[in-house]
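*Asks:* Need a 3D model of the sequence below.
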Amino acid sequence: MALAAAYGSLDQHSMLGSSSDSMLLNGVDNEFSFLPGADPATFVEEFQNSSSVDNRIKFHAGTTTLAFKFKHGVIVAVDSRATAGSYIASQTVKKVIEINPYLLGTMAGGAADCSFWERLLAKQWYQRRVRGDKRGPGLYYVDSDGQRTTNYMFSVGSGSTYAYGVMDTGYRYDMSVEEACELGKKSIMHAGHRDAMSGGVVNLYHMREDGWVKVSQTDISQMYYQSLDEKK
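*Replies:* The predicted model follows:
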């Protein structure tokens with residue numbers, strides 16, 4: 001998991017649980033369940049190490065996700081492209097996970113791993129009923145190794161350097177909601193244009209005091225060429 005945005009704080013115990021139950025999901029040890037058949041690692045190895053270049057697949061993934069806090073809450077924006085090496089596997093991946101009305105997560109990395117950990121986070125949330133407090137919105141970077149970092153701005157993925165460049169240029173804490181939404185979309189748009197592993201559409205969310213709302217879904221290519229027309 002890449003990012004979590006919530007109103008209130010997320011302490012480490014509430015997110016991951018105690019040592020006795022953090023390794024359980026629905027009463028089952030947290031080991032991935034596979035469909036009956038060939039071992040997945042063995043099955044994939046045939047294609048990764050094929051003697052035929054035409055059959056060789058490299059599962060290198062990429063993405064761009066971002067979030068930043070401002071005066072009126074948190075903006076969360078992501079692209080929607082999934083890649084497997086040089087292949088575009090999908091242009092419609094939902095990289096924002098709507099965990100509950102007050103908590104969003106974004107995915108960067110292996111989709112299956114991210115989905116697994118965010119289901120675990122949702123379970124821990126409902127078990128402990130993490131509550132909001134007077135500190136306002138929270139923004140966290142969380143990964144599967146247990147790292148948890150908080151800051152006012154994050155971008156994760158292969159296109160994150162491009163997104164950071166745009167955000168750093170346009171960010172102000174006292175932005176209006178419209179300005180913040182535009183900054184989030186613009187950052188993903190430029191990352192999607194420059195980074196081959198990012199693309200598709202911009203999915204934009206606004207985390208408010210009364211919960212999150214999905215603001216828009218905008219095609220990255222259309223946004224980019226529209227921005228070129230506006231410069232003429």
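
*Asks:* Confirm that residue 118 sits in a helix.
*Replies:* Yes. Residue 118 forms part of a helix when assessed by DSSP: H, G, I helix; E, B strand; the rest coil.

*Asks:* can you tell me how far it sits from residue 103?
*Replies:* Per CB to CB, to the nearest Å, residue 118 is found 10 Å from residue 103. All C-beta spots, glycine's among them, are computed from the backbone N, C-alpha and C.

*Asks:* How about residue 87?
*Replies:* 32 Å.

*Asks:* So which bits of stretch 185-199 are buried?
*Replies:* 185-193, 195, 197-199 (16 or more other CB atoms under 10 Å).

*Asks:* what's the nearest residue to the residue nearest the centre of the chain if we skip its chain neighbours?
*Replies:* Geometric centre of the chain, nearest residue: residue 106, 2.2 Å, by CA atoms, centre = their mean. Once flanking residues are discounted, residue 106 sits nearest to residue 65: 4.0 Å by CB to CB, 6 or more residues apart in numbering.

*Asks:* Would you agree the one you found is in contact with residue 158?
*Replies:* No. At 10.6 Å, residue 65 does not count as touching residue 158 under the criterion of CB atoms under 8 Å.

*Asks:* neighbour-wise, which of those two wins?
*Replies:* residue 65 (27 against 18; other CB atoms under 10 Å).

*Asks:* now the strands for this protein?
*Replies:* Per DSSP state E, the chain carries strands over the ranges 3-7, 24-25, 28-29, 65-70, 73-78, 82-84, 87-90, 96-100, 103-106, 137-142, 148-150, 153-156, 201-208, 211-219.

*Asks:* okay, these in a markdown table with mean pLDDT and distance to residue 179 next?
*Replies:* Listed next are those as a markdown table, based on pLDDT from 0 to 100; distance: least, CB to CB, whole Å:
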| stretch | mean pLDDT | distance to residue 179 |
| --- | --- | --- |
| strand 3-7 | 65 | 18 |
| strand 24-25 | 44 | 40 |
| strand 28-29 | 47 | 46 |
| strand 65-70 | 96 | 9 |
| strand 73-78 | 96 | 10 |
| strand 82-84 | 80 | 30 |
| strand 87-90 | 82 | 31 |
| strand 96-100 | 86 | 21 |
| strand 103-106 | 89 | 20 |
| strand 137-142 | 88 | 17 |
| strand 148-150 | 89 | 23 |
| strand 153-156 | 95 | 15 |
| strand 201-208 | 96 | 12 |
| strand 211-219 | 95 | 13 |
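
*Asks:* Dump those strands to a markdown table, plus distance to residue 181.
*Replies:* Converted to a markdown table, the strands of the chain look like this (distance: least, CB to CB, whole Å):
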| stretch | distance to residue 181 |
| --- | --- |
| strand 3-7 | 14 |
| strand 24-25 | 35 |
| strand 28-29 | 40 |
| strand 65-70 | 10 |
| strand 73-78 | 6 |
| strand 82-84 | 24 |
| strand 87-90 | 25 |
| strand 96-100 | 14 |
| strand 103-106 | 15 |
| strand 137-142 | 15 |
| strand 148-150 | 23 |
| strand 153-156 | 15 |
| strand 201-208 | 6 |
| strand 211-219 | 6 |
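
*Asks:* so where's the chain shaky on pLDDT?
*Replies:* 1-38, 40-41, 47-61, 126-134 (pLDDT under 70).

*Asks:* now the residue nearest to the centre of the chain: how far from residue 211?
*Replies:* Counting by CB to CB, the gap from residue 106 to residue 211 is 17 Å.

*Asks:* okay, and the common contacts of residue 65 and residue 158?
*Replies:* Common contacts of residue 65 and residue 158 (CB atoms under 8 Å, 6 or more residues apart in numbering): none found.
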